[in-house]
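>>> Need coordinates for the following:
(chains A and B)
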Amino acid sequence: MNADPAGASESPLRVVVVDDHPVSRRGIISLLECEDALRVCGEARDRAGMLNILACETPDLALVDLSLGNDSGLDLIRDIRSRAPGCRILVVSMHDERLYEDCVIRAGAHGYVSKSEGPDGLIEAVRRVVTVSTS
Amino acid sequence: MARRKRDSASAPPRSLRNRARERLQTTRTDVAKMTPENVQSLVEDLQLHQAELEIQNEELREAQQALVAMRDRYHALYEFAPVGYVTLDMEGRVIEANLAASAMLGPKRNQLMRRRFTDFLAPESQDTFYLAWHRNKDNGQAHATTCELVLHERAGARTVVQVQCEQLIGDHGEGAEMFCALVDVTARKHAEQAVERLNVELERRVEARSATLRQREEELGTILDTAPEGILTVGQEGVVLKANRAAQRLFAESEAGLSGRSVTELLPGVEQWLRRQHGAERDGDAVQAFQRGGRLEVVATAADGSTFPARLSLARVPAHDFFVVIVMDMSESRKLEREVLDAAEEERRRISRELHDSVGQSLAGLAMMVRSREKRLAALGEEVYQALAETRIGLEGAVRDTRAVIHDLAPAGLDEGGLAHALERVAERLREQSDIDCTCECIGSEPPIDVGAKLQLLRIATEAAHNALKHGAASHIALRLESGPTRVSLAVSDDGRGIGAVPEGMGIGIMRHRAQVIGGRLNVARRTPRGTIVVATVPL
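Okay, here's the model as predicted:
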């Protein structure tokens, strides 16, 4: 992320990770923490947790899983869009990318990446979403 | 035979001399008063008459000799005739009998004379003869009367004779004698009795066999009518001959209504099978397979137009040259099989969800953790970096494998993207996994069938494509979905070695079962010049 336009010259982007699976959430956070341009300011395992964060934080980027226990990731996307319109949203899911990408974009997300793309694929997706927002 | 008369010429003649004297007295001429010339003329006439009489006398002698010869000949014929001749007086006593009659009646001929004919008859024939005798005697029958009489037993043997009686009429029209002709019919009677006994025995056996057959027919009828499966008897022309009660119930039609119907109307697909069997029979090599009969799954049509899935067992009855088709209603079975398949799919989805929500997520998270450690611990040395990188690469591979398993267990997108989208994904994954050229063409709108049926079609497409890839060594596979107003058809064709080049395994059987469970059919055929085409058709 060093080549990121929103790099070290500016304050790092505040990121929230929403994933119901603790190992997956922990992996994503540890990966993001390696990036100087990013700062994880919150994490949640469901929709309620994310709404609590949004009550006191204004994140620049939200990484959202589609499956959130009993909650729908699509509903959460709409919540984020209404409560934090400036927040970029990247959907990170184990689901088939081709199948859900259009769906999440229509719901208001800015990007979609499958967890099967691996760590580098995830970072690349974050970069694409952030770059589009700053360009 | 005309009524006979006793010849009156046989009466004893008066003396010729006496008769001549009588005539001379009435016609005498006085010779003394005649002239010598007249006397001379008379003498000449007398001499001429004398000569004529001598000639006549010679002729009479010759005639008499001829008559004697004829009489002797007649007598020999009478005596030695194979038929017995007996002449009775009007009291029924024997006055003449030939040798054959004597042999039949028993005593020597001279002992027969003057004995009553009834003395020689068995008791049971007395009345018969009495009636026959009086029919002729009293009524003056113009025709002979025939009857069969049993003679007294001699040396333990019964003789049966056929007797023809004819009355001989006297000069004054009265009955003079009774002429009887006797023919020994003992052998014929024995033969007739033997034939009669055989007939009785034959009739008894026929009756016993008929009773057995009736009983068997009733038993068979009971078995047929209580059988839970429909049983149709079909002639060589494919026309229904008989139908048991279960068949009448299945097809909602009486036996009379079913009889004469074409089996193709009731069981589409059977006629082709029958034709194939005829063809196989002509080929000779497949006769045994033909005689073993066959099984067939069809969609049967009842008289009210409703349809039901049916499993048929077909067999030819060579002795009678017709087919027996046993029809089993598979509706309940199909429903159950569908429930089993749906339950299996639900279980797959559950496992898929579990993998998705647990193992897949964990592996993905671990891969990302390792990647973050790689970056932080890179300063510890190349060896540590390499170890972490290898671990991370392994984890990423495990994530992809898990995702593939998740997809195989529960193909995603049927609910959201429909069958066309899911088929596109199958083609895409095949292209990703191999160098094969796999295309997908979808014609028409989304098929109006339930998700479970779509899932079965998708599984058929996946199985057929994998077969083409794995066994057929195909380089191109084409998936084609066509949704029409009356049916949905899915075709998977390839350019591989073709069906038949490799043995038909369980795969085709499972695909066929999947098609049948959703009410459809599966056809597998070899393509020209190479390759295989698998077509699943589901009626709407």
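
>>> for the residue nearest to residue B:497 when sequence neighbours are not counted, helix, strand, or coil?
Take residue B:497 and drop its neighbours on the chain: the residue closest to it by C-beta to C-beta, 6 or more residues apart in numbering or on different chains is residue B:472, 5.1 Å away. Every residue, glycine included, has its C-beta placed from N, CA and C. Of the three states, residue B:472 takes coil under DSSP: H, G, I helix; E, B strand; the rest coil.

>>> residues near residue B:472, how many?
Neighbour count of residue B:472, defined by other C-beta atoms under 10 Å in any protein chain shown: 23.

>>> Which residue lies nearest the spatial centre of the chain?
Going with chain A. Among the residues of chain A, residue A:63 comes closest to the average C-alpha position under C-alpha atoms, centre = their mean, at 1.4 Å.

>>> switch to chain B, that's the one I care about
Short answer for chain B (C-alpha atoms, centre = their mean): residue B:320, at 4.3 Å.

>>> How confident is the prediction for that one, by pLDDT?
On pLDDT, residue B:320 comes in at 75.

>>> Determine the three-state secondary structure at it.
Using three-state DSSP, the structure places residue B:320 in coil.

>>> Can you tell me what sits against the helix or strand of chain A with the lowest mean pLDDT?
Least confident helix or strand of chain A, by mean pLDDT, DSSP states H and E, is helix A:97-107 with a mean of 80. Around helix A:97-107, the neighbours that count as contacts under C-beta atoms under 8 Å, 6 or more residues apart in numbering or on different chains are A:66, A:73-74, A:77-78, A:91, A:93, A:112-114, A:117, B:412-413, B:416-417, B:421, B:425, B:428.

>>> Just after it, pick out the following helix or strand.
Using DSSP states H and E, the helix or strand that directly follows helix A:97-107 along the chain is strand A:111-114.

>>> Take the following helix or strand past that following strand, keep the C-alpha atoms, and write them as CSV.
With elements assigned by DSSP H and E, the helix or strand that comes after strand A:111-114 is helix A:118-134. What follows is helix A:118-134, C-alpha atoms only, in CSV (Å, rounded to 0.1, in the frame of the first residue of the first chain):
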residue,chain,number,x,y,z
GLY,A,118,-5.8,-14.8,-1.1
PRO,A,119,-4.0,-12.1,1.0
ASP,A,120,-2.5,-10.3,-2.0
GLY,A,121,-5.8,-10.4,-3.8
LEU,A,122,-7.5,-8.8,-0.8
ILE,A,123,-4.9,-6.0,-0.5
GLU,A,124,-5.2,-5.4,-4.3
ALA,A,125,-8.9,-5.1,-4.0
VAL,A,126,-8.5,-2.6,-1.1
ARG,A,127,-6.2,-0.6,-3.2
ARG,A,128,-8.7,-0.5,-6.1
VAL,A,129,-11.5,0.7,-3.9
VAL,A,130,-9.4,3.3,-2.2
THR,A,131,-7.8,4.5,-5.4
VAL,A,132,-11.1,5.0,-7.1
SER,A,133,-12.3,7.1,-4.1
THR,A,134,-9.3,9.4,-4.2
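
>>> and residue B:346, what is it in contact with?
If you count contacts by C-beta under 8 Å, 6+ apart, residue B:346 has none.

>>> Give me the mean pLDDT for the helix or strand containing it.
Element membership of residue B:346, judged by DSSP H and E, is helix B:331-354. With pLDDT averaged residue by residue, helix B:331-354 scores 87.

>>> and what of stretch B:110-125?
The average pLDDT for stretch B:110-125 rounds to 92.
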